[in-house]
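Participant: What would the 3D arrangement of this be:
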Amino acid sequence: MGAETSLAEVEREIDATRRRLQERTKSLERRLKPEALLRPVQRRLAGTLGAGGGKILDAFRDHPLPLALTGLGLGWLLLRDLKESTSKVKETAADVVHKAGETAQRTSDWFSATLEERPLLLAVGALAAGLAAAFAVPMTAREERAGAEAPQESPVQGDDAPPGGLPSA
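Facilitator: I've put the predicted structure just below:
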């Protein structure tokens, strides 16, 4: 009898769960109907528009064609403005590309002329840029260890050596 009781009990629980699920499903169906979704919007519009708001909503409901045509007209205007904005962006992008091309051409011409006339100036400039980049990047731990392991003696021997060896960095 104990097994039958537990089986009957399980069946009752399943039926109760099934009923709860059906009730929740029906409740969700009621809430998701278009009328139910529009009710809060209608209340808010009626509150915003005042006493005449109900009449306006009724007029929209009774005569949807003017509302639809107005919506189409507004959509058309928005699309036109969007197209104008897009064309302005395209023009601006084309101008930027054109100016960048001109600048690149001028830079190339200057570089070629300077390379022909003053190659040493470009070499010194490249060296200075390389040094600036090297000093801008911090030393790694490996580089610091290598520097610490390097001999601190002066490579210059004899009378030409500075007193006390090379200065520390």
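Participant: element containing the spatially most central residue of the chain, please.
Facilitator: Residue closest to the mean C-alpha point of the chain, counted by Cα atoms, centre = their mean, is residue 89 at 19.3 Å. In this assignment (DSSP states H and E), residue 89 forms part of helix 64-117.
Participant: Same question for residue 11.
Facilitator: helix 2-31.
Participant: Pass me the low-pLDDT residue ranges in the chain, would you?
Facilitator: For the chain, the stretches flagged by pLDDT under 70 are 1-4, 46, 49-54, 57, 152-169.
Participant: swap the cut-off to 80 and go again
Facilitator: Applying pLDDT under 80 to the chain picks out residues 1-5, 34-39, 41-61, 63-64, 67, 147-169.
Participant: do you know how far residue 106 is from residue 93?
Facilitator: 21 Å (Cβ to Cβ, to the nearest Å). Backbone N, C-alpha and C define where each C-beta goes, glycine included.
Participant: and what of residue 114?
Facilitator: Separation of residue 114 from residue 93 (Cβ to Cβ): 31 Å.
Participant: what do you get for residue 148?
Facilitator: 53 Å.
Participant: Next: residue 35.
Facilitator: From residue 35 across to residue 93, the span is 48 Å (Cβ to Cβ).
Participant: Please apply the same query to residue 23.
Facilitator: Distance from residue 23 to residue 93, by Cβ to Cβ: 59 Å.
Participant: How many residues are close by residue 69?
Facilitator: Using other Cβ atoms under 10 Å, residue 69 has 10 other residues around it.
Participant: got it, and the one 10 residues further on?
Facilitator: By the measure other Cβ under 10 Å, the count of residues near residue 79 is 10.
Participant: try residue 10
Facilitator: Neighbour count of residue 10, defined by other Cβ under 10 Å: 10.
Participant: residue contacts, it?
Facilitator: Residues near residue 10 by Cβ atoms under 8 Å, 6 or more residues apart in numbering: none.
Participant: Can we start the residue count at 51 from this point?
Facilitator: Shifting the count to begin at 51 puts that one at residue 60.
Participant: Residue 73 versus that one, what's the distance?
Facilitator: Separation of residue 60 from residue 73 (Cβ to Cβ): 21 Å.
Participant: Same question for residue 81.
Facilitator: Distance from residue 81 to residue 73, by Cβ to Cβ: 13 Å.
Participant: picking up where we left off before, between residue 164 and residue 143, which is the more surrounded one?
Facilitator: residue 164 (13 against 10).
Participant: Would you mind listing the residues in contact with that one?
Facilitator: Neighbour list for residue 164: 171, 172 [criterion: Cβ under 8 Å, 6+ apart].
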